[in-house]
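> Next comes the sequence, and after it the predicted model I'd like to discuss.
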Amino acid sequence: MADSAAPRASIKAARTSGNGVSSSKPPTRAGTVPKRGDEENFDEWEEKAPVKPADQLELVDTDLKQEFTRILKANNPYAPDNIVRFSHKDGEYKQTSTVDQTAFLFSMDGNLVHVDSEEARRQKTTARKSVSTATTGTDDQEVEQKKTVQAQSTSTPKEKKEDGDDEDDAKSDGPNRPLRNQFNFSERASQTSNHVHKDRNVQTEPPPRVSFSANATQWEIYDTYVQHLDKQTKKETKKKSITKRVSAKSATRDLGDERSEEDRSLWSAAAKLVQLNDAKKLERMVNQNTFDEVLQDFKYWDDPSDEFRATEGSLLPLWKFSYEPFKKRTVTGLAWSPLYNDQFAASYGSYDYNKQSGGGIAVFSLKNPSAPEFAFVTTSGVMCIDFCPDTPSLLAAGMYDGSIAVYQLLYDDSNSKPIYQSTVKSGKHNDPVWQIKWLKTAEGEAKMFTTVSSDGVVCSWMLVKNELQRSELTRLVSTDETVDKVFALNSGTCFAFKPDDHVFLVGTEEGMVRKCSKAYSSKYLHTFEAHSMAVYALHWNPFDSNVFISCSGDWSVKIWDQNFHRPCLSFDFGSPVGDVAWAPYSSTIFAAVTPDAVYVCDISQDKYEPLCAQPLVRKNKLTHIAFNPIHPIILVGDDHGNVQCLKLSPNLRKVLKDKKPPPADVQAAALNKVLDMCKEGPTTG
């Protein structure tokens, strides 16, 4: 009996005689007398008296009707509670929470009958009649009972085997053996069919086997290597011929049956390029669906709380760009593409001398935040980058080891290597290159860019055929006569060329800003004692060519007029300022970045406090910042290889609300108005 639940069981005891079934005399026809020859069947016709065992309990009706209640609990006290099984999902052993509480105390094919069933009622009626007959019987019945017992004892073993019920009754009549059940009892049996077993066999043919044997000698190995080398040489020659034909635009040859094998390879290469472009478009579509909410915020969402604030604003985080091979490296430069407003480049390296383990460049697009469009891995850390304004596919980079490299952004297998690179033989800087900038050149002239390094030399580079030609613009000679000649050169950190002019500014590690000219390099036009620590960034105002801004490690950002030898405005942000940038849509708005926050200031509204000071990171340190030339977003890089895209709230870009922004002369007039007021009054913010 299985204790699978906890019902209440009520057991009623009913008094029976014998085995619970009394035998009565079978009916006979009227006037029929059994014959003497039927002595064997004569006993069955006689009425049998009930047989009681010696230890039969004598119970009254009150005891028989008494109910005994037993409560069966579902919990098994012997069930284990510390079963441990191995979890393949988590890869460890875990304790089983559920334990089977079923305990089989006794199991036997029983013959019990429900007390309220029809069979049970019939047995009760028969038992009552047997009891009444036993109490009112005569001596004749006792004699007949003795005869019945004697007849049963003298029956043959064969008859006992044939009648199983009589055998059980004879055995139970012993003086020391009680009946199987002193109360209600009935035997029932059932038989079920067993499941049919089926055998299924499959026979397959064994795989074919071939015995192979060969002898490897030294000359056979040599001949094999020579053949392999010849194949590799032919492949390289074939690739060079394909490249030459592509450059000569020979892909438009006749597609007839007479075209050569090289022409077919050209068309296959073009087909691969088309497939690659289609795959990139498909990837962008998938990413636009993935970042649909971010795209909606970028296009339509504006912070509604700006309506209740007079001047304060906020920055909304949009996308976060990263590339797995450049993780844990510092973002050392950011540059937007001059042709595509959604494309930008980020350079990766390290400012720590003891952590130089290579770097790289990644070109991302706002249409595909999950992976870069182009990626270049370098052996030395990349410290600065810049796009060529005339040819946006050219990207120049300055390295920590002083070398210069120019990459071309093309979907080609040969895209991983630079098309121009400076060496010790062709000339390079002796120290890290901190900034690189392309110069505007006339149509037909060779492309040029400028670099500055810690070795104190500002160089100009020209792309001539397949090499870089280097020339010195100026040397940052110290003006302090007390300085030893060995240390006569100041370490350059940044520079800014004045638009459409030969004048440029150079910042140094000593905190000086040197005003120089490309016409002659022997002397400085002027020296601004700008900061007490290294100058990290210099930028001319895009609307007024006489105003520039500088930031430094002395926690300050200063706005200057080149004709005024002291700063017009100064802001103290409480920590080193790594980068600063003018807003492209307003002459009075700029943004600065410190290791832990981004600051946006508008000097036309507040000359002392920023409009927005928003922390972005906890453990990382912010390094660089860059405004998008068209959209109201900025990029911020950190020292863990991440570039975050932030959207300016309406209070930080009020000029962009108008469909027609004010012209450049109006912007310059607004800036000069603020600076003229600052020249007369206090300048510290």
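Cool, the structure landed. Residues are numbered from 1 along each chain as shown.
> State the pLDDT value of the nearest residue to N466 once chain neighbours are set aside.
Nearest non-adjacent residue to N466, counting by C-beta to C-beta, 6 or more residues apart in numbering: Y420, 7.6 Å away. Quick note: C-beta positions are derived from backbone N, CA and C, even for glycine. Y420 carries a pLDDT value of 89.
> Let me see the contact set for Y420.
Neighbouring residues of Y420 by C-beta atoms under 8 Å, 6 or more residues apart in numbering: I404, A405, V406, L463, N466, E467, L468.
> what about whatever helix or strand the second one lives in, distance to the chain center?
Secondary structure from DSSP states H and E places A405 in strand 404-408. With C-alpha atoms, centre = their mean, to the nearest Å as the basis, the distance from the averaged C-alpha position of strand 404-408 to the chain average is 34 Å.
> Touching that strand from outside, list them.
Outside strand 404-408, the residues that reach it (C-beta under 8 Å, 6+ apart) are 361, 374, 376, 378, 393-399, 415, 418-422, 428-429, 433, 436, 451, 461, 463, 468.
> again, 6 Å this time
F376, S393, L395, A396, A397, P418, I419, Y420, Q421, S422 (C-beta atoms under 6 Å, 6 or more residues apart in numbering).
> Quickly note the distance from the fifth one to S347.
Using C-beta to C-beta, to the nearest Å, one gets 6 Å for the distance from A397 to S347.
> Quick check: neighbours shared by those two?
Joint contacts of A397 and S347 (C-beta under 6 Å, 6+ apart) are I361, V382, I385.
> sorry, back to before: least trustworthy position among the contacts of Y420, going by pLDDT?
In terms of pLDDT, the weakest of the contacts of Y420 is N466, which scores 78.
> What is the end-to-end distance of stretch 334-344?
One end of stretch 334-344 sits 7 Å from the other (C-alpha to C-alpha, to the nearest Å).
> my bad, should have said stretch 338-345
Using C-alpha to C-alpha, the two ends of stretch 338-345 sit 11 Å apart.
> If you count neighbours, what's buried in that stretch?
P338, Q343, F344, A345 (16 or more other C-beta atoms under 10 Å).
> nearest residue to the first one other than its sequence neighbours?
It stands for P338. P389 (4.9 Å).
> what's the burial count for that neighbour?
14 (other C-beta atoms under 10 Å).
> cool, I71 as well?
Neighbours of I71 (other C-beta under 10 Å): 8.
> For it, name its beta-bridge partners.
Assessed by DSSP bridges, I71 has beta-bridge partners R8.
> related to what we said a few turns ago, may I have the phi/psi pair for the residue nearest to N466?
phi -130, psi 140 (degrees, to the nearest 10).
> ok, it to V464 distance?
Per C-beta to C-beta, Y420 is found 9 Å from V464.
> Same question for A496.
26 Å.
> Mind checking which of the two has more residues around it?
Comparing A496 with V464 by other C-beta under 10 Å, the one with more neighbours is A496, at 20 against 11.
> How about the secondary structure of that one?
On the three-state scheme (DSSP: H, G, I helix; E, B strand; the rest coil), A496 is labelled strand.
> Can you give me the pLDDT of it?
On the pLDDT scale, A496 gets 93.
> Quick one: residues contacting it.
L505, L538, H539, W540.
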